[in-house]
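Peer 1: quick one: sequence plus predicted model below, questions after.
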Amino acid sequence: MAALAAGVAIVLTGASTAQASEATKIIERCAHGESIQGFKPSAYREALKQLPTEIIEYLDPCVNQIRKAALASAGGSSGGPTGGSSNTPIPLTPAESKAVQSAHKGAPAVPIGNAPIRPGVVHADIASAINKLPHSLFAMLAFLIACALVLIGGEARKRVSARRNG
């Protein structure tokens, strides 16, 4: 009985590993522009779950190709996708639409110090940034500006005197 249970566990582990390797093959082929036909629908679903962020962001047609291949392998359409560029997007599933909507709402504010910080929001308040600079930095900036004005003034005086004498 124990041998039978061990055998079933080995077979199930091998099946999930095979499915994971098929998903990896699908992702690699799609990323390289190769054909992704001929896999099981479960392998396409697993490939969509395993897609790295880089591929989703930079190879968006790859996501659509895998979805189309999943539909074709499940009998959703007659022709499967190839490695070519198919730019017709597939509509999002309800779960994907919900995830996109929740991502647009953003994360809740995080209190840092006395101010709430909202992820994804750029807090650009130049006046407060300047007011919070240390006094020594202001002194250094004032010194550099004064040096630049002295150098510019000296160069202008040289050019004016050279023009008068020339």
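Peer 2: Alright, I've got the coordinates.
Peer 1: quick one, domains of the protein?
Peer 2: Taking automatic domain parsing as the reference, the chain has its domains at 7-87, 129-165.
Peer 1: what mean pLDDT does stretch 99-119 have?
Peer 2: Averaging pLDDT along stretch 99-119 yields 73.
Peer 1: which residues in the chain form helices?
Peer 2: In the chain, the segments counted as helices under DSSP state H are 2-31, 41-50, 53-58, 60-73, 94-105, 126-131, 135-165.
Peer 1: who's in contact with the second one?
Peer 2: Outside of helix 41-50, the residues within contact range by C-beta atoms under 8 Å, 6 or more residues apart in numbering are 19-20, 22-24, 26-27, 30, 63, 66-67, 69-70, 73-74. For every residue, glycine as well, the C-beta is placed using N, CA and C.
Peer 1: could you redo the last one with a cut-off of 6 Å?
Peer 2: Surrounding helix 41-50, the residues in contact under the criterion C-beta atoms under 6 Å, 6 or more residues apart in numbering are 19, 22, 23, 26, 27, 66, 69, 70, 73, 74.
Peer 1: report pLDDT for the second one.
Peer 2: Right, the one you point to is residue 22. Spelled out, the predicted local distance difference test score at residue 22 is 87.
Peer 1: separation between it and residue 38?
Peer 2: In this view, residue 22 and residue 38 are 10 Å apart by C-beta to C-beta, to the nearest Å.
Peer 1: and residue 118, which of the helices of the chain is closest to it?
Peer 2: Evaluated with C-beta to C-beta, these place helix 94-105 nearest to residue 118, the distance being 10.8 Å.
Peer 1: returning to that earlier point: just name the closest of the contacts of helix 41-50 to residue 144, please.
Peer 2: Of all these, residue 144 sits closest to residue 27, with 53.1 Å by C-beta to C-beta.
Peer 1: apart from its neighbours in sequence, what residue is nearest the closest one?
Peer 2: Excluding the flanking residues, the one nearest residue 27 by C-beta to C-beta, 6 or more residues apart in numbering is residue 47, at 5.3 Å.
Peer 1: what about the one you found, how many neighbours?
Peer 2: 28 (other C-beta atoms under 10 Å).
Peer 1: ok, back up a step: more neighbours: residue 22 and residue 38, which one.
Peer 2: residue 22 (18 against 11).
Peer 1: measure the closest residue in space to that one that isn't next to it in sequence to residue 161 for me?
Peer 2: Among residues not flanking residue 22 along the chain, residue 43 sits closest, at 3.8 Å (C-beta to C-beta, 6+ apart). Residue 43 sits 83 Å away from residue 161, taking C-beta to C-beta as the criterion.
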